[in-house]
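> need coordinates for the following:
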Amino acid sequence: RPTLQPRNPKILAFCLVVLLQLQRFVDMILSFQHETLQILHRAFNRIRTVVEAQEIPLPQDASYRKIMTCDYMPGLFLTEKDMAEETGLGRTPLREAVIRLQKDGLIQIYPRKGMRITPITEDSIQQHYQVRKLFEPTIITQYCSLYSKRELLRYETRFQQSEQEESLPHFELDAQFHTFLISITQNDILLNMYHSLMLQQVRLAMFAAHQGIRNREGNLEQHEEIIASLLRENPEAAKDALIYHLNQSMVNSLKCVCQPDA
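Okay, the predicted model is just below:
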């Protein structure tokens with residue numbers, strides 16, 4: 001049977017060169033599409049992380065709420081039986097709650113003796129705000145232009161509305177806002193640390209309120225200044241406003257343990 005033979009070897013060589021170039025072009029297009037999809041995927045994950053982080057509510061079970069509202073005051077000793085009777089939790093849910101409370105640094109366990117609500121001391125307050133002042137100003141300076149303007153405006157409205165709310169939802173909103181500022185890093189280790197840190201922040205604020213410290217004064221104006229600076233994409237102004245806010249919050253917290261009867 002006759003077979004096709006190229007009459008001119010140059011034509012065959014030319015065809016091979018064209019095919020190789022075409023293959024390289026197709027490979028380049030596929031590689032570009034893959035990299036583009038990866039970039040879009042990372043961008044989507046960043047947006048989702050920011051949105052989800054700000055919507056995560058603080059724990060709602062009875063044991064958490066009693067500690068957060070200072071119904072269980074810092075330093076109080078309890079047994080599992082005491083907590084079960086007051087919260088109505090069964091044995092298994094109570095054990096799970098105790099493990100989470102210990103993990104979040106809200107209680108200290110003493111084997112065969114019971115537990116103690118973690119005390120609030122001058123040293124613990126200093127360490128708490130030292131960590132916050134190390135991370136938050138640096139992060140908002142580096143990511144200043146990347147925050148969602150829509151979310152910033154939404155927080156501004158929510159802070160204005162929270163002026164009429166009770167202390168606990170007001171302080172929980174503060175914790176959600178500062179978690180929102182951190183969440184833009186997409187750093188899971190940092191976000192997990194800030195979960196516990198913000199629980200402590202709410203408890204500190206509620207403890208100060210119990211002690212008669214007027215720690216809500218100026219909060220709205222301070223948050224409005226932080227938000228306004230971020231909306232203007234002015235990193236230095238945002239950093240200064242945030243540091244001022246953190247220092248005011250730290251002073252109010254320190255007043256709790258500097259009372260003569262504290």
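
> skipping its backbone neighbours, what lies nearest residue 177 in space?
Ranked by Cβ to Cβ, 6 or more residues apart in numbering and with sequence neighbours excluded, the top spatial neighbour of residue 177 is residue 155, at 5.4 Å. The C-beta positions use only the backbone N, C-alpha and C, and glycine is treated the same way.

> quick one: pLDDT of that neighbour?
Listed pLDDT for residue 155 reads 96.

> ok, and what's touching the helix or strand harbouring it?
If you go by DSSP states H and E, residue 155 is part of helix 149-162. Identification of contacts with helix 149-162 by Cβ atoms under 8 Å, 6 or more residues apart in numbering yields 50-51, 54, 169-170, 173, 177, 180, 219-220, 223-224, 227, 230-231.

> most surrounded residue in those?
Most neighbours among those, by other Cβ atoms under 10 Å: residue 230, with 26 neighbours.

> from the chain's centroid, how far away is the one helix or strand that residue maps to?
In the assignment (DSSP H and E), residue 230 maps to helix 219-231. Offset of helix 219-231 from its chain centre (Cα atoms, centre = their mean, to the nearest Å): 18 Å.

> any idea of the angle that helix forms with helix 149-162?
170 degrees (axes from the mean of the first three to the mean of the last three Cα atoms, to 10 degrees).

> dihedrals phi and psi, residue 79?
phi -110, psi 170 (degrees, to the nearest 10).

> how close does the most centrally placed residue in the chain sit to residue 99?
The centroid of the chain falls nearest to residue 179 when counting by Cα atoms, centre = their mean (2.8 Å). Going from residue 179 to residue 99 by Cβ to Cβ, to the nearest Å gives 22 Å.

> all strands for the stretch 51-200 of the chain, in order.
77-78, 107-110, 114-117 (DSSP state E, counting those that start in this stretch).

> could you pull up the residues touching residue 82?
Residue 82 neighbours (Cβ under 8 Å, 6+ apart): residue 114.

> next one: residue 222
Listed by Cβ under 8 Å, 6+ apart, the contact partners of residue 222 are 241, 244-245, 248.

> buried subset of those residues, written for PyMOL?
Only the buried entries of these go into this PyMOL selection, using 16 or more other Cβ atoms under 10 Å:
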select buried, resi 241+245
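
> redo the contacts of residue 222 as JSON lines? Include distance to residue 144 and pLDDT.
Formatted as JSON lines, the contacts of residue 222 follow (distance: Cβ to Cβ, whole Å; pLDDT from 0 to 100):
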{"residue": "241", "distance to residue 144": "12", "pLDDT": "97"}
{"residue": "244", "distance to residue 144": "17", "pLDDT": "96"}
{"residue": "245", "distance to residue 144": "16", "pLDDT": "96"}
{"residue": "248", "distance to residue 144": "21", "pLDDT": "93"}
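
> and which of the contacts of residue 222 is nearest to residue 123?
Distances from residue 123 to the contacts of residue 222, taken as Cβ to Cβ, are shortest for residue 248 (20.0 Å).

> quick one, what contacts that closest one?
Residue 248 neighbours (Cβ under 8 Å, 6+ apart): 218, 222.

> next, give phi and psi for it.
phi -60, psi -40.

> can you tell me how far it is from residue 218?
6 Å.

> again, but for residue 109
Taken as Cβ to Cβ, the span from residue 109 to residue 218 is 38 Å.

> tell me where the model's unsure across the stretch 1-150 of the chain.
Along the stretch 1-150 of the chain, segments meeting pLDDT under 70 span 1-18, 25-60.

> how does it look with 90?
For the stretch 1-150 of the chain, applying pLDDT under 90 flags the ranges 1-71, 78-105, 111-114.

> residue contacts, residue 101?
63-64, 67, 107.

> tabulate those (CSV), appending distance to residue 255 and neighbour count.
As requested, these are exported to CSV (distance: Cβ to Cβ, whole Å; neighbours: other Cβ atoms under 10 Å):
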residue, distance to residue 255, neighbour count
63, 27, 24
64, 25, 20
67, 21, 24
107, 24, 24
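
> check these and tell me the two furthest apart.
64 and 107 (10.5 Å).
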